[in-house]
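Novice: Take this sequence and fold it.
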Amino acid sequence: MQKRFFLRASVLAITAMGATYSIAQENVFKIGLILPMTGQQASTGRQIEAAAKLYMAQNGDTVAGKKIQLIVKDDTSIPDVTKRLAQELVVNDKVNVLAGFGITPSALATAPIATQSKTPQVVMAAATSSITQASPYIVRTSFTLPQAAVSMADWAPKNGIKTVVTLVSDYGPGLDAEKYFKERFQFNGGQVPESLRVPLRGPDFAPFLQKVRDLKPDALFVFVPSGAGAAVMKQFLERGMDKAGIKLIGTGDVTDDDQLNDMGDGALGVVTAHHYSTDHPSALNTKFVEAFGKANSGLRPNFMAVGGYDGMRVIYEALRASKGQGGGDALLAAMKGQIFESPRGPMFIDAQTRDVVQNIYMRKVERKNGQLYNVEFAVIKDVKDPGKAK
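Specialist: Got it, this is the predicted structure:
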């Protein structure tokens, strides 16, 4: 009798524990953050993870009664790894949202998983125009290369630049940057005598830069992914291209705030078009930069950080708006159309395209208080992705 009672009590206790665990799990909201934490794009992962953790520190880890859990995975920027990690996060960890995605191939590799599992995929970094069309569950909080490239192609011919050679990394965003810059620049009366593409992995810019020097254009337009700008700048200066009268222009990746101070005075005067600068003059950004630096041993936030920070904001507000109920569809609906002030300035998520609409700034590298900054001197407001604006 005692033995039977003990067994029944044990079963009841285990059942109760299971129920408690199940309720506890129901009250957890999991974000699977897939980032390149090692390898060529490691600075992207470092920046986004730091920004996501800062947002949680500032805004708490409980929303609409749900405890937020951040699960960070390193995909080393290899799409097959990204896909495997995304599957594990959805099937084993049962995440509510997939987020991060340092490069376009990684974002695209995950798109079918987001669609099949109806899991919102918040792209915080990758910038090829077509990404949001790969799944109805993708929302982007970073930027698109056409947004920056077209803005630069409008500015250059008005400022004495008539001939430009383009130099881009040979993958999705680079091809976008090349295409949209070239089309708009030529439409504006400029000439592009040569379009050069550099391998994404293990790039050697030297032979390409030598070719540019021989062509002697007014300017070289560059796109390389975050983290590779310093190498381009170094080799550009080593070949004396600035002294040969060739201007360096590009999207903001080439004068990445994370690396800018290490580039030295050779970077002074370089003009870029981008959606964020550490030096953006708003009260919100001043607070963001200060808090980010304080939490990360003086590290400057770059455009990747702001994509991660705003991505967390979009997730938090969607969870709040859906009152913590419902699955991926309810979250997705609450992400669409969000309008808010970001450290980058005003932005919103277009309800139709699920893509970011934001200001693009023209910036010039200047020295301020002994440090180099991308200083904004003009703004193009509410820029939609030109790849979808047609």
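Novice: Under the pLDDT cut-off, which ranges of the stretch 1-150 of the chain? List them.
Specialist: For the stretch 1-150 of the chain, the stretches with pLDDT under 70 are 1-25.
Novice: if we go to 50?
Specialist: 5, 7, 10-11, 13-23 (pLDDT under 50).
Novice: Assign the residue most central in space within the chain to helix, strand or coil.
Specialist: Geometric centre of the chain, nearest residue: residue 125, 1.9 Å, by C-alpha atoms, centre = their mean. Secondary structure for residue 125, judged by DSSP: H, G, I helix; E, B strand; the rest coil, is coil.
Novice: Hmm, residue 101 and it touching each other?
Specialist: Yes. The criterion here is C-beta atoms under 8 Å, and residue 125 meets it with residue 101 at 5.8 Å. To be clear about C-beta, it is placed using only N, CA and C from the backbone, and glycine gets the same treatment.
Novice: list the residues that contact both of the two?
Specialist: Here residue 125 and residue 101 share the contacting residues residue 35, scored by C-beta atoms under 8 Å, 6 or more residues apart in numbering.
Novice: Which stretches in the stretch 51-200 of the chain count as strands?
Specialist: For the stretch 51-200 of the chain, the strands defined by DSSP state E, counting those that start in this stretch cover 62-63, 66-74, 97-100, 121-123, 138-140, 164-169, 195-198.
Novice: end-to-end on stretch 324-342?
Specialist: End-to-end span of stretch 324-342 (C-alpha to C-alpha, to the nearest Å): 24 Å.
Novice: So for it, mean pLDDT?
Specialist: In this model, stretch 324-342 has a mean pLDDT of 94.
Novice: which residues sit against that stretch?
Specialist: Stretch 324-342 is contacted from outside by 29, 63-66, 96-97, 117-120, 122, 136-137, 139, 282, 284, 306, 309-310, 313-315, 317-319, 321-322, 346-351, 354, 358, using C-beta under 8 Å, 6+ apart.
Novice: same deal with stretch 172-182?
Specialist: 104-105, 108, 126-130, 144-146, 148-150, 152-153, 164, 166, 168, 192, 195, 197, 200, 221, 223-225, 251, 386-387.
Novice: May I see the buried residues of stretch 128-145?
Specialist: 128-129, 131-132, 134-135, 137-145 (16 or more other C-beta atoms under 10 Å).
Novice: Would you mind extracting the C-alpha trace of it into CSV?
Specialist: The C-alpha trace of stretch 128-145 is given here as CSV (Å, rounded to 0.1, in the frame of the first residue of the first chain):
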residue,chain,number,x,y,z
THR,A,128,20.6,43.1,-51.1
SER,A,129,17.3,44.6,-52.4
SER,A,130,15.6,41.3,-53.1
ILE,A,131,15.9,39.8,-49.6
THR,A,132,12.4,40.7,-48.4
GLN,A,133,10.9,39.1,-51.5
ALA,A,134,12.5,35.7,-50.5
SER,A,135,9.9,35.1,-47.8
PRO,A,136,6.6,36.8,-46.7
TYR,A,137,8.0,36.5,-43.1
ILE,A,138,11.1,38.6,-43.7
VAL,A,139,11.3,42.1,-42.1
ARG,A,140,14.4,44.3,-42.6
THR,A,141,15.8,46.9,-40.2
SER,A,142,19.2,47.5,-41.8
PHE,A,143,19.2,49.2,-45.2
THR,A,144,19.5,48.3,-48.9
LEU,A,145,22.5,49.0,-51.1
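Novice: Could you check how far that stretch is from the centre of its chain?
Specialist: Centroid separation for stretch 128-145 versus its chain: 11 Å, with C-alpha atoms, centre = their mean, to the nearest Å.
Novice: what do you get for stretch 319-336?
Specialist: For stretch 319-336, the distance to the chain centre is 22 Å (C-alpha atoms, centre = their mean).
Novice: on that earlier part again, in contact with the residue nearest to the centre of the chain, which residues are there?
Specialist: Taking C-beta under 8 Å, 6+ apart as the test, what residue 125 contacts is 35, 44, 48, 100-103, 142, 226, 304, 307-308.
Novice: low-scoring stretches of the stretch 251-390 of the chain, by residue?
Specialist: By pLDDT under 50, the stretch 251-390 of the chain contains no weakly predicted segment.
Novice: Which residue ranges of it form helices?
Specialist: Using DSSP state H, counting those that start in this stretch, the helices of the stretch 251-390 of the chain run over residues 260-263, 283-295, 303-321, 328-335.
Novice: Which secondary structure elements does the second one sit against?
Specialist: By that I understand helix 283-295. With contacts taken as 3 or more C-beta pairs under 8 Å, 6 or more residues apart in numbering; DSSP states H and E, helix 283-295 sits against helix 42-59, helix 303-321.
Novice: and what of the third one?
Specialist: If contacts are counted by 3+ C-beta pairs under 8 Å, 6+ apart, helix 303-321 sits against strand 28-35, helix 42-59, strand 62-63, strand 97-100, strand 121-123, helix 283-295, helix 328-335, strand 339-342.
Novice: can you put these in TSV and add mean neighbour count and distance to residue 276?
Specialist: Listed next are these as TSV, based on neighbours: other C-beta atoms under 10 Å; distance: least, C-beta to C-beta, whole Å:
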stretch	mean neighbour count	distance to residue 276
strand 28-35	24	18
helix 42-59	21	11
strand 62-63	16	25
strand 97-100	30	18
strand 121-123	30	16
helix 283-295	15	8
helix 328-335	19	20
strand 339-342	14	8
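Novice: For residue 256, which of these is the nearest?
Specialist: helix 42-59 (7.7 Å; C-beta to C-beta).
Novice: Output the contacting helices and strands for that closest one.
Specialist: Counting by 3+ C-beta pairs under 8 Å, 6+ apart, helix 42-59 packs on strand 28-35, strand 66-74, strand 97-100, helix 283-295, helix 303-321.
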